[in-house]
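Trainee: Give me coordinates for this.
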Amino acid sequence: MIDRTQPVHPQIAAILRQRIADGTYPAGSRVPGVVALSAEFDVAVSTVHRAMAALRGEGLIITWSGRGSFVAGSADG
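Mentor: Residues are numbered from 1 along each chain as shown. As a prediction, this is how the structure comes out:
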């Protein structure tokens with residue numbers, strides 16, 4: 001799934017982007033936390049933070065401290 005010969009965080013961002021697009025993570029839903037994602041992809045938490053930052057920058061997710069990250073597009077997020 002992950003090509004370790006290439007930068008990993010853009011690959012993780014692409015996978016999460018695809019999951020949002022295909023409805024695995026629908027609008028308004030909570031995205032798994034960075035610890036869970038780092039375990040899933042077997043990478044450092046900081047790598048997942050970089051991927052999530054890219055998605056936030058694209059406006060695909062919104063993060064609230066203490067609540068987690070949610071897929072953008074729902075008014076009640």
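Trainee: burial measure for residue 45, as a count.
Mentor: 12 (other C-beta atoms under 10 Å). The way it works is simple: take the backbone N, C-alpha and C, and place the C-beta from them, glycine included.
Trainee: Need phi/psi at it.
Mentor: As for residue 45, its main-chain torsions (degrees, to the nearest 10) stand at phi -60, psi -40.
Trainee: again, but for residue 64
Mentor: Backbone dihedrals for residue 64, given as degrees, to the nearest 10, come out at phi -120, psi 130.
Trainee: burial count for it?
Mentor: Other residues within reach of residue 64, judged by other C-beta under 10 Å, total 9.
Trainee: any idea how far residue 6 is from it?
Mentor: Residue 64 sits 31 Å away from residue 6, taking C-beta to C-beta, to the nearest Å as the criterion.
Trainee: Can you tell me the SS state at residue 18?
Mentor: Following DSSP: H, G, I helix; E, B strand; the rest coil, we place residue 18 in the helix state.
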